[in-house]
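S.K.: Sharing a model that was predicted from the sequence below.
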Protein chains: 2
Amino acid sequence: MQNITIIGTTSWGMTLACRLAEKGLKVNLWTRTPSEAETLRRDGPNPQRFPETALPPQINITGDAAEAMEKSSAMLLVVPSPTMRQNISCVAGYLTDKTLVISAAKGLEVDSRKRMSEVIAEEINPEFQRNIAVLSGPNLALEIRRHLPAAAVVAATNTGTARKAQRLLSCPNFCVFTNTDVIGVELGGALKNIIALGAGIADGLGYGDNAKAAFITRGLTEITALGTALGANPLTFSGLAGLGDIITTCASPLSRNHFVGVELAKGRKLTEIRGAMSEVAEGINTTLVVSDLARGLGIEMPITERIFRILYENADCREMADELMGANAGHELSGRRWDLHSRFRGSERATPTA
Amino acid sequence: MQNITIIGTTSWGMTLACRLAEKGLKVNLWTRTPSEAETLRRDGPNPQRFPETALPPQINITGDAAEAMEKSSAMLLVVPSPTMRQNISCVAGYLTDKTLVISAAKGLEVDSRKRMSEVIAEEINPEFQRNIAVLSGPNLALEIRRHLPAAAVVAATNTGTARKAQRLLSCPNFCVFTNTDVIGVELGGALKNIIALGAGIADGLGYGDNAKAAFITRGLTEITALGTALGANPLTFSGLAGLGDIITTCASPLSRNHFVGVELAKGRKLTEIRGAMSEVAEGINTTLVVSDLARGLGIEMPITERIFRILYENADCREMADELMGANAGHELSGRRWDLHSRFRGSERATPTA
């Protein structure tokens, strides 16, 4: 029986633990402290954050890193991105040249602006870097816990690593694809949260399905532009980790980022919204990092820029939305994606209309 | 004041009539018979099909084609696609070399398998063909009547024609883009209805947002493959007339095609569902035409094929959905779109997973 380790008691982390334990794997779930492990063993997960399901008894919950990593053939890091570096540094010493290292975090590190696989690579033995994979896609945890059908993608530069991760993570009704574009899959998962914030704002303003669809369409183009400039394959953004994840996140009341957008549109302050949430909405930090990256690269991201102003400069949601509408009449997207391959710029300009 | 003619008392036709009349245009709304015009003038539109709004009194409702087309600088054909040929043939004689001819129908002609602009081109003076444009995008009529923000795209091979149509149709909160890829814009609008049927089925089965997002993502790839083989620019499918329209249609209870899918998943028969609907769900015919086209071109369309079997061969919705899930593990979409440029084939094959 294969031993695996899950780092992180997020709802996604515990969901993966449940599904993989059901599949017959020996799952170790690592908590940050022994007392957290003790509480989790005794009381189970907080039902607000993790409703409907108990953790199967065969999951070994432990705060002891050595115990969690013993004979482990794979480690899944399912932590909020701000804590990734700290988490990987705690367990890096237990890796072998055979241990698969899979990141399931969908965010960027604020200070370094790095992707999670880059953060992990910096903290582990360079010889183990070929074992790094990333998991992304339209994966609302609660639905997957309910065994509803879903698809995901694992990416690794090493195709053997991707295949191993695919075999490990595939479960009944959880269909895992491989991809070699790690940059694209990671950026898709991170950047889509910016669009989800905006879609939440559109919903909060009551703008309807037409506006939301137009917004998502243009949002996808915008994040594809940045991703391409950062080395991603633009096509990855049309796949599960891009478009797929955007659709789910923008549609679902289960999405934290979408929720933040809805609340912002109601006029609530960011600090207040954040204070009331039990898990991190990654889009808030991602917007900060991405605005910065876009400015540095000279890439126009009109949507991201306005969400940045809403989040960090108290700009008015309705005003920002109206600005986007006004700036948006022109020649359609066709041909636009080609520009992305060199450096996307200017093709979005408005031409005068009646 | 510019005179324009709307052909078709569909809810989208009457919506465009309202918005353009509000903008100050002199709108003639042509009905199939004088008695229909009489009823519509007297009683207003059927509130079930056209809720919330009355037709502004300045709209001239007439069953007389000569009157409807008098001094008309633009004709908008907003009819179900099965009646397009008959409708255009009734009014073709009133066109001049200056009259803009805009199709807003989102379907294909069943017998000929032709797009609406091709049908129109066959029925009018060849010298006027450069005046043909098509309108598409995520445009739920009711939301646009409510003045909620929306974006659309007009396409014409002649850019001057596209610009003219853009100026004509742009209204406050209705933002119109131009495109020169007529084939892509028309096929996007038509083919998206197949995906909407499927998304309705997924919703009817209670499969959740993860499954729906994965389905839409793969559906978009599939219709892009066919579109490209038929001469469209694949990028158009990532724009408003493709992705944008898909998102709206798959999300909204206002979509007729989505509704048909939901009812099919409940086990209702197609004839029964159709009988209860007051307007055409274009996706039903489109699935028939597209399955045929795909077979002829040797293009794999696993989703379309299964929706065809549900619609026309009484296949079970759940069984078809499970087949799609089972057939779907493999290498992700990255790189796939490139294949489309030659002839998309085989890159979707499943590889064995655990």
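M.R.: Yes, it's here. Numbers count the residues shown, from 1 in each chain, chains lettered A, B, ... in the order given.
S.K.: gap between the two ends of stretch A:92-105?
M.R.: 17 Å (Cα to Cα, to the nearest Å).
S.K.: buried residues in that stretch?
M.R.: Neighbour counts over stretch A:92-105 (16 or more other Cβ atoms under 10 Å in any protein chain shown) mark A:A92, A:Y94, A:L95, A:T99, A:L100, A:V101, A:I102, A:S103, A:A104, A:A105 as buried. C-beta here means a position set from N, CA and C on the backbone, and glycine is covered the same way.
S.K.: Check stretch A:124-139 too.
M.R.: Under 16+ other Cβ under 10 Å, the buried positions of stretch A:124-139 are A:I124, A:F128, A:Q129, A:N131, A:I132, A:A133, A:V134, A:L135, A:S136, A:G137, A:P138, A:N139.
S.K.: tell me, which of those make contact with chain B?
M.R.: A:G137, A:P138, A:N139 (Cβ under 8 Å from any Cβ of the partner chain).
S.K.: what about the helices in the stretch 1-150 of chain A?
M.R.: Secondary structure of the stretch 1-150 of chain A (DSSP state H, counting those that start in this stretch): helices at A:11-22, A:34-43, A:65-69, A:84-91, A:116-123, A:141-145.
S.K.: Chain B is nearest to which of these?
M.R.: Chain B lies closest, by Cβ to the nearest Cβ, to one member of the helices of the stretch 1-150 of chain A: helix A:141-145, at 4.2 Å.
S.K.: Which elements pack onto that closest one?
M.R.: Judged by 3 or more Cβ pairs under 8 Å, 6 or more residues apart in numbering or on different chains; DSSP states H and E, helix A:141-145 is in contact with helix A:11-22, helix B:208-229.
S.K.: circling back: mind putting the helices of the stretch 1-150 of chain A in TSV, mean pLDDT and mean neighbour count included?
M.R.: As requested, the helices of the stretch 1-150 of chain A are exported to TSV (pLDDT from 0 to 100; neighbours: other Cβ atoms under 10 Å in any protein chain shown):
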stretch	mean pLDDT	mean neighbour count
helix A:11-22	97	23
helix A:34-43	95	14
helix A:65-69	97	19
helix A:84-91	97	19
helix A:116-123	98	21
helix A:141-145	95	21
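S.K.: follow-up on the earlier one: next step: the buried residues of stretch A:92-105 restricted to strands.
M.R.: Assigned to strands by DSSP state E, the following of these qualify: A:L100, A:V101, A:I102, A:S103.
S.K.: and the last one, how far is that from A:N87?
M.R.: Distance, A:S103 to A:N87, using Cβ to Cβ, to the nearest Å: 10 Å.
S.K.: Identify the contacts common to the two.
M.R.: Residues touching both A:S103 and A:N87 by Cβ atoms under 8 Å, 6 or more residues apart in numbering or on different chains: A:L77.
S.K.: first to last residue in stretch A:67-85, what's the distance?
M.R.: Chord length of stretch A:67-85, first to last residue, is 20 Å (Cα to Cα).
S.K.: Going by neighbour count, list what's buried in it.
M.R.: Neighbour count says stretch A:67-85 has A:68-69, A:72-85 buried, by 16+ other Cβ under 10 Å.
S.K.: Spell out which two among those are the most distant pair, please.
M.R.: A:S73 and A:P82 (27.7 Å; Cβ to Cβ).
S.K.: Closest to chain B out of the buried residues of stretch A:124-139?
M.R.: A:P138 (3.8 Å).
S.K.: Need the phi and psi values for A:L140.
M.R.: phi -70, psi 120 (degrees, to the nearest 10).
S.K.: Quick check: closest non-adjacent residue to it.
M.R.: A:L254 (4.9 Å; Cβ to Cβ, 6 or more residues apart in numbering or on different chains).
S.K.: who's in contact with the one you found?
M.R.: If you count contacts by Cβ under 8 Å, 6+ apart, A:L254 has them with A:L140, A:L142, A:E143, B:D209.
S.K.: A:S238: neighbour count?
M.R.: 28 (other Cβ atoms under 10 Å in any protein chain shown).
S.K.: picking up where we left off before, can you put the contacts of A:L254 in a markdown table and add distance to A:R32?
M.R.: Formatted as a markdown table, the contacts of A:L254 follow (distance: Cβ to Cβ, whole Å):
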| residue | distance to A:R32 |
| --- | --- |
| A:L140 | 25 |
| A:L142 | 23 |
| A:E143 | 27 |
| B:D209 | 30 |
